[in-house]
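Participant: Sharing a sequence plus its predicted fold:
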Amino acid sequence: MVIKMLTIKCARCKTKIMKYKKIGQGKVINCYKDRITRLYDYETKDDLLQCGNCQNTIGEIKEKSVSMKQEAFTYSGHKIRK
């Protein structure tokens, strides 16, 4: 099992949005709320997660996760030990 600690940033202004613990391979499609370890600069408006700096819409907030908008964010990270 691959576990990565990702830093998710706004694609428009490069502001840090959150730190997320990703389990498994593949793209970041949903960010589950229990795996978000830290929130940085963000706003919530009408169930949307937005960048606190430029108001770019990053994803849609649902009950247990955030459905991410692929072109709205970038991420980088490293593997961590379990």
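Facilitator: Looks like it came in fine.
Participant: how deep is the closest residue to Asn30 other than its chain neighbours tucked in, by neighbour count?
Facilitator: Distances taken as Cβ to Cβ, 6 or more residues apart in numbering put Ser65 closest to Asn30, at 4.3 Å, once the chain neighbours are dropped. In short, each C-beta sits where N, CA and C put it, glycine included. For Ser65, the count of nearby residues is 17 (other Cβ atoms under 10 Å).
Participant: Contacts only, for Ser76.
Facilitator: Neighbour list for Ser76: 6-7, 9 [criterion: Cβ atoms under 8 Å, 6 or more residues apart in numbering].
Participant: re earlier: pretty sure the residue nearest to Asn30 is in contact with Ile36, am I right?
Facilitator: No. With contact defined as Cβ atoms under 8 Å, Ser65 does not reach Ile36; the gap is 9.6 Å.
Participant: Give me the neighbour count for Thr74.
Facilitator: Quick note: Thr74 (other Cβ under 10 Å) scores 14 neighbours.
Participant: Distance from the chain centre to the helix or strand where it lies, please.
Facilitator: When elements are assigned from DSSP states H and E, Thr74 belongs to strand 73-79. Distance of strand 73-79 from the chain centroid (Cα atoms, centre = their mean, to the nearest Å) equals 9 Å.
Participant: Thank you kindly, that will do.
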